[in-house]
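Peer 1: after the sequence you'll find the predicted model.
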Amino acid sequence: MATKFLYLVPIDFTPVTENALVFALDAAKYNKGEIVLLHIISHAKERIAAEKSLRDLAAKHQNPEVVISTRVVIGKVLRDIGIIAESVGVQLIIMGTHSTSVWQKIFGSPALSVVSNSNVPIILTQEDTSFHKIKSIVMTVDLAKESVQVVRYASKVAQVFNSKLFLVGQRYSDEGFMQKIEVNLHVANGYLQEQGLPATIHLLDSTNFEKNLIEYCREVKADLLAATHYQDNFSLFSTNLVQSLAENELAIPVMTFDGEDTSSGSQFGFITQ
């Protein structure tokens with residue numbers, strides 16, 4: 001039996017977050033998922049108007065196949081989306097992304113990003129992102145062992161949609177780096193095989209890696225791109241890259257999570273949690 005998903009969709013009543021709701025609705029139809037619409041307010045005096053607006057939005061997109069509930073919470077957007085998602089028990093947050101200026105507010109210092117405050121993976125959608133049945137998922141694996149954790153989240157989505165999986169690493173000239181990439185790809189592929197999910201492994205040239213990655217997504221007709229987010233700029237999957245991927249020209253939704261929030265233990269122990 002397919003795992004039932006509960007989706008959380010943060011709403012600020014802009015077109016991009018309403019489109020995230022449309023995306024979530026289409027996704028939920030495939031696994032009889034349920035959707036929680038969340039709006040965060042600053043003051044109690046905003047509650048009545050916000051609750052009405054959120055109910056109206058839910059009614060506008062009412063669908064007999066998907067249950068939609070609403071929540072209005074007093075809090076801070078950057079900090080509380082992940083906290084609420086975990087307390088509600090959702091499997092995925094689907095969040096619409098705004099322009100770069102807003103991205104800078106979300107991911108920039110000193111405020112922590114929504115991603116880095118969440119233990120729940122997030123799918124980022126653009127205003128013109130449309131849902132397609134997720135037949136193909138491209139997963140990026142980096143030098144860091146934590147990046148292998150991307151397969152844990154992507155595999156759950158793949159099981160719901162019976163997706164093809166593509167593992168992508170960067171081709172380095174440095175032999176030591178290549179050994180790390182090969183180990184991580186091997187571990188990731190082994191995990192997927194244990195889940196009964198075969199994957200295609202592909203290396204992309206390091207020069208213009210981001211461009212090469214998007215072109216590869218075009219080639220395999222990717223419906224979802226999964227990449228690890230790190231708060232620092234040293235990692236390949238730094239804030240800047242994940243931000244750029246989320247604004248990709250193909251409007252492919254990007255699934256990401258906080259790569260720094262991994263459990264301790266053996267080198268790849270976190271992959272089986």
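Peer 2: Good, I have the coordinates.

Peer 1: only C-alpha atoms from now on, for both contacts and neighbour counts.
Peer 2: OK.

Peer 1: who touches stretch 161-179?
Peer 2: 30, 133-143, 157-158, 181, 185, 189, 197-206, 209 (Cα atoms under 8 Å, 6 or more residues apart in numbering).

Peer 1: which stretches of the stretch 101-250 of the chain have low pLDDT?
Peer 2: 101-113, 115-116, 230-241 (pLDDT under 70).

Peer 1: show me where it has strands.
Peer 2: 122-125, 136-140, 164-171, 199-205, 224-226 (DSSP state E, counting those that start in this stretch).

Peer 1: related to what we said a few turns ago, just the buried members of the contacts of stretch 161-179?
Peer 2: 30, 134-143, 157-158, 181, 185, 189, 197-199, 201, 203-204 (16 or more other Cα atoms under 10 Å).

Peer 1: can you tell me what sits against stretch 40-59?
Peer 2: Stretch 40-59 has contacts (Cα under 8 Å, 6+ apart) with 37, 39, 68-77.

Peer 1: what residues sit buried inside that stretch?
Peer 2: For stretch 40-59, by 16+ other Cα under 10 Å, it's 40-41, 47, 50-51, 54-55, 57-58.

Peer 1: what about V88, how many residues close to it?
Peer 2: The tally of other residues near V88 (other Cα atoms under 10 Å) stands at 13.

Peer 1: show the pLDDT at it.
Peer 2: Looking at V88, its pLDDT reads 92.

Peer 1: hmm, back to that, which of the buried residues of stretch 40-59 fall within strands?
Peer 2: Applying DSSP state E to the buried residues of stretch 40-59, the entries found in strands are 40-41.

Peer 1: farthest-separated two in the buried residues of stretch 40-59?
Peer 2: Longest distance between any two of the buried residues of stretch 40-59 is 17.7 Å, between I41 and A58; criterion Cα to Cα.
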